[in-house]
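Novice: Sequence first, then the predicted structure:
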Amino acid sequence: MVPKKMASPITGTMMPLMWEDRDVVFRKETFHVIFPYYKCTDTGEQFTTTESDGVWYRQMTNQYCRKYGIPYQDEIIDIRKRYGLSASAMSKILGFGANQWRKYEQEEIPSVSNGRMIRSIMNPKIMMDMVECARECLEEKEYKRLAGHVKSMIDKEDANRIKQYDMERVFASTRGEENGYGQLSLVRLKNVMLYILNRCADVWTTKMNKILFYIDFVSYRELGTSITGLSYRAIEYGPVPERWDRVYSQFDEIHQVPRSVGDYEGCVMVCSDKADESVFSSEELLVMEHVCQILGTYSSRQLSDLSHKEKGWIEHHKSHQLIPYVDAFTLKGI
């Protein structure tokens, strides 16, 4: 999390975190980002930290990856884990330098050619061709294990394709600005919802909508991507996930139970399982914990009122438009 204040290294005075639009150049191309910085009120000088620099850098690289079809950092990590290989083994099979794959997992952006090669091996049939080409570079035991593993993935390809189709049908969105460049994953969404239900009291559907909104928008502000991959539409009662009714019906572990309190009728969400926190990074877990600690005891009405103070809702609710993730940098509620 980027601190909202820090001490000036010159005067020691506390400096507020500020945001401004900037154009930055990456590989001879210009990209527009929201740039965080601290400004010393005594000297007028500006300062950044490693954490604040990471915010604008991830905005920039997300745009570059989207433009050229390059896998995002989390996808690169997932590909390697999917095949059960070390970073050095992945480099060997693809013909990269010994440490190149590891650098990509540490946020170095691949060249367009390397990036598209990495994307191609998401298809296990193409990965099998790569393994065969690299056979002489692998130990026989390693080759047999890997070839057997990839072949089993090919055998399951039709089932994987159906699962991918179902995911895209539910989200009806590609990874980009409209969903905060978040990874489209029903597994991740289910576990975010379980995380919320495990930690927050009386989670009515309205409350779930708002907490998901704040988790995703705070994550975009702090980490450069949303966590769930959802888009949010501004309606009368505040932000709601796009097609939320279809999204929430996907999970057997989560149920909506009708309940009334006074004149109010709605659905309370309950769960029969714990969240699998291993599907999230430590930084994502910090964001989720931070939001749940602050908003977990709010009622649905309080969260609706809070969301009505946000620029994203104010400017888009009359036309029921999607809320741009860039409005994460103007959040007031958290």
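Specialist: Received the coordinates, thanks.
Novice: residues near Ser113, how many?
Specialist: Number of residues near Ser113 (other Cβ atoms under 10 Å) recorded here: 10. No exception for glycine: its C-beta is placed from N, CA and C like everyone else's.
Novice: Does anything pack onto whichever strand or helix holds it? Which helices or strands?
Specialist: Element membership of Ser113 [criterion: DSSP states H and E] is helix 112-120. Where contact means 3 or more Cβ pairs under 8 Å, 6 or more residues apart in numbering; DSSP states H and E, helix 112-120 is packed against helix 50-68, helix 87-94.
Novice: got the angle for the longest one vs helix 112-120?
Specialist: Here helix 50-68 runs at an angle of 80 degrees relative to helix 112-120 (axes from the mean of the first three to the mean of the last three Cα atoms, to 10 degrees).
Novice: following the strand or helix carrying Val270, which helix or strand comes up?
Specialist: Secondary structure assignment for Val270, by DSSP H and E: strand 264-271. Remark: after strand 264-271, the chain's next helix or strand is helix 282-295, criterion DSSP H and E.
Novice: just checking, what packs against that next one?
Specialist: Helix 282-295 packs on helix 186-199, helix 205-223, going by 3+ Cβ pairs under 8 Å, 6+ apart.
Novice: what number of residues lie near Thr297?
Specialist: 11.
Novice: my guess is it contacts Lys207, does it?
Specialist: No - taking contacts as Cβ atoms under 8 Å, Thr297 lies outside contact range of Lys207: 10.4 Å.
Novice: Quick check: next helix or strand after the helix holding Ser113?
Specialist: Counting by DSSP H and E, what follows helix 112-120 is helix 124-133.
Novice: what does that following helix rub up against?
Specialist: 83, 93-94, 120-121, 138, 143, 146-147, 150-151, 153-154, 157 (Cβ atoms under 8 Å, 6 or more residues apart in numbering).
Novice: Where in this protein is the helix or strand with the lowest mean pLDDT?
Specialist: In the chain, the helix or strand scored least confidently by mean pLDDT, DSSP states H and E is helix 157-171, which has a mean of 51.
Novice: Show me what the strand or helix carrying Lys144 is packed against.
Specialist: Using DSSP H and E, the element containing Lys144 is helix 140-155. Applying 3+ Cβ pairs under 8 Å, 6+ apart, we find helix 140-155 packed against helix 73-83, helix 124-133.
Novice: again, only this time at 7 Å
Specialist: helix 124-133 (3 or more Cβ pairs under 7 Å, 6 or more residues apart in numbering; DSSP states H and E).
Novice: Please find the angle between the direction vectors of the helix it packs on and helix 73-83.
Specialist: Counting by the same axes, to 10 degrees, helix 124-133 points 70 degrees away from the direction of helix 73-83.
Novice: buried ones in helix 124-133?
Specialist: Within helix 124-133, the residues scored as buried using 16 or more other Cβ atoms under 10 Å are 124, 127-128, 130-131.
Novice: now swap in stretch 139-149 and tell me
Specialist: For stretch 139-149, by 16+ other Cβ under 10 Å, it's 143, 146-147, 149.
Novice: do stretch 296-305 as well
Specialist: 296, 298, 300, 303-304.
Novice: of all these, which comes closest to Arg199?
Specialist: Distance to Arg199, by Cβ to Cβ, is smallest for Gly296 among the buried residues of stretch 296-305, at 5.8 Å.
Novice: What pLDDT does the model give that closest one?
Specialist: Per-residue confidence (pLDDT) for Gly296: 95.
Novice: excluding its backbone neighbours, what's nearest it?
Specialist: Nearest residue to Gly296 in three dimensions, chain neighbours excluded: Cys200, at 3.9 Å (Cβ to Cβ, 6 or more residues apart in numbering).
Novice: one step back: quick one: average confidence on the helix holding Ser113?
Specialist: On average, helix 112-120 scores 96.
Novice: Need the CA coordinates for stretch 323-334. PDB is fine.
Specialist: Below are the C-alpha coordinates for stretch 323-334, written out as PDB (Å, rounded to 0.1, in the frame of the first residue of the first chain):
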ATOM      1  CA  ILE A 323     -17.200   3.400 -14.000                       C
ATOM      2  CA  PRO A 324     -13.700   4.000 -15.400                       C
ATOM      3  CA  TYR A 325     -11.000   2.400 -13.300                       C
ATOM      4  CA  VAL A 326      -9.000   5.700 -13.600                       C
ATOM      5  CA  ASP A 327     -11.500   7.000 -11.000                       C
ATOM      6  CA  ALA A 328      -9.700   4.800  -8.500                       C
ATOM      7  CA  PHE A 329      -7.300   7.700  -8.000                       C
ATOM      8  CA  THR A 330     -10.100   9.900  -6.700                       C
ATOM      9  CA  LEU A 331     -11.600   7.500  -4.100                       C
ATOM     10  CA  LYS A 332     -12.800   9.200  -1.000                       C
ATOM     11  CA  GLY A 333     -14.200   6.300   1.000                       C
ATOM     12  CA  ILE A 334     -10.900   4.500   1.500                       C
END
